[in-house]
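Chemist: Quick one: sequence and predicted model below, then my questions.
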Amino acid sequence: MLNTIKAFTQVTDLFATAGQPSAEAIPALRSAGFERVINLGLLGQPYSLPDERGLVESSGMVYRHIPVPFEAPEPAHFAAFLAEMDAAPGAKVFLHCAANYRASSFAALYGFHRLGWDRARAETFLAEVWIPNPVWRSFLDEQFGEPVESLK
């Protein structure tokens, strides 16, 4: 069932990202051992579930929502995500948004800041999901701490 979730990407044994899961996929996440779901998408959108929190919590998982406007990500959004990840070390986390663009971007940054990835590995991971638009490229460069051009 996890392979039916749009753009499902296993980051580590305890961390995966994807686009918006269906209501039917939520119990499958729990069956796969996920303990926490973090949603970076916006509520009330055509892609979002009407009661994702209720579905996740009724499946026995913790739900956190960090709404990140696609056209305006901010450092505070990433800081809130890091705080959620740091609050539950060792928990199996499913991170998602609408299409796995926000989620994969945060996962690449998480790999860089918390998993010991170098910038090249984080960028390679990200490129397997999407090529960031100018808004996200700027945000990512700021969070990485150096522009991608300086890596050449």
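Modeler: Happy to help now that I have it.
Chemist: middle-most residue in this protein, spatially?
Modeler: Ala103 (2.6 Å; Cα atoms, centre = their mean).
Chemist: in which helix or strand would I find that residue?
Modeler: Element membership of Ala103, judged by DSSP states H and E, is helix 101-114.
Chemist: Next, the residues that contact stretch 124-131 from outside, please.
Modeler: Here stretch 124-131 makes contact (Cβ atoms under 8 Å, 6 or more residues apart in numbering) with 7, 9, 11, 17, 99-101, 104-105, 107-108, 111, 117, 132, 140. For every residue, glycine as well, the C-beta is placed using N, CA and C.
Chemist: Can you tell me which one of those residues sits lowest on pLDDT?
Modeler: Lowest pLDDT within the contacts of stretch 124-131 is found at Ala7 (87).
Chemist: quick one on the thing from earlier: was I right to think the residue nearest to the centre of the chain contacts Leu95?
Modeler: Yes - between Ala103 and Leu95 there is a contact at 4.6 Å, judged by Cβ atoms under 8 Å.
Chemist: Now for these two: what residues contact both?
Modeler: The contact sets of Ala103 and Leu95 overlap at Thr17, Ala18, Leu40 (Cβ under 8 Å, 6+ apart).
Chemist: Pull the contacting residues for the closest residue to Pro67 other than its chain neighbours.
Modeler: In this structure, Pro67 finds its nearest non-sequential neighbour in Leu42, 5.2 Å apart by Cβ to Cβ, 6 or more residues apart in numbering. Contact partners of Leu42, counting by Cβ under 8 Å, 6+ apart, are Ser48, Pro67, Val68, Pro69.
Chemist: and Leu42, which of the three is it?
Modeler: Secondary structure state of Leu42, per DSSP: H, G, I helix; E, B strand; the rest coil, is coil.
Chemist: What does it show for phi and psi?
Modeler: phi -90, psi 150 (degrees, to the nearest 10).
Chemist: For it, give its distance to Gly116.
Modeler: Per Cβ to Cβ, to the nearest Å, Leu42 is found 32 Å from Gly116.
Chemist: ok, back up a step: go through the contacts of Leu42 and give me the one with the most neighbours.
Modeler: Taking other Cβ atoms under 10 Å as the neighbour criterion, Val68 ranks highest of the contacts of Leu42 with 24 neighbours.
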